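>>> Structure for the following, please:
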Amino acid sequence: MAYPTTLNIPTQMIRFQGLFDFDGLYNMIAAWMKARRYWVQETKYKHKVPSPLGAEQEITLKGDRNVTEFYKYSMAVDFHLWDMQEVEIQQPDGTKKKLINARMQIKFSGAVDIDYEKRFESSTLWTNVRDFFLKYVMRNEVEGIWHDELYYRVVNLVDQVKEFLDMRAAGKEYKEYV
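Numbering: from 1, shown residues only. Coordinates of the predicted model:
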C-alpha cells in the first residue's frame, strides 16, 4: 500500500456570535500567514443577498509554503458569516468605527504535501522507492516533525483569533512548541 502524499491535520473550528471588527480579523489572519512566509490568496468570496436579518458571506483564505523541495505546508481558513449587519460605533476619542454584528464560524485546516512537485511519479520504480523511503526511513520525521509543526502553527493561529475576538484568557498552552 502506498504511503499517502498528503497528511491532513485535524480541523479546528471557532464559532462566535456578537459584535466584532471583521476587516481587522481578516487582515490579522492574512498578516499572520504572510509573516510566516505563506503565499496567501483568497480562493472563494460569496456574498448572498441580504434578508431582513442580514447578509450571508463565505470567504476562504488559503496559504501555501514550500518548506523544502520535498515538503509543502498548505493551510486554509474558511469564514462563514450569517445575519451580518454593519453597526457604527463611536469610540471614546470621538471617532466612529464600523463593526459587524453577526454569527460566524471559522474552520482552520491544513495539510503537509509530500513530493508536491511529483518528482517520483515518473515511473512505478521511483514511486515504490519514495513509498519505501517514507514508510521506513523518514516516517518519524514526516509525522513527528513536519506534521506536528504545522499542527501547532494552526493552533497558534486559532489562539491569535480567539484573542482578537476576546474569547479566551491570557496565556498559551502550546507556547513552547511554536
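>>> need the next SSE after the helix or strand of the chain with the lowest mean pLDDT, C-terminal direction.
Lowest by mean pLDDT, DSSP states H and E among the helices and strands of the chain is helix 139-141, with a mean of 72. As assigned by DSSP states H and E, the chain's next helix or strand after helix 139-141 is helix 147-164.
>>> That following helix packs against which elements?
strand 12-20, helix 22-35, strand 71-90, strand 96-114 (3 or more Cβ pairs under 8 Å, 6 or more residues apart in numbering; DSSP states H and E). Heads up, the C-betas are built off the backbone N, CA and C, glycines and all.
>>> Put together a markdown table for the ones you listed, with distance to Ser51, mean neighbour count and mean pLDDT on each row.
Below are these laid out as a markdown table (distance: least, Cβ to Cβ, whole Å; neighbours: other Cβ atoms under 10 Å; pLDDT from 0 to 100):
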| stretch | distance to Ser51 | mean neighbour count | mean pLDDT |
| --- | --- | --- | --- |
| strand 12-20 | 17 | 14 | 93 |
| helix 22-35 | 18 | 15 | 95 |
| strand 71-90 | 8 | 17 | 93 |
| strand 96-114 | 13 | 18 | 93 |
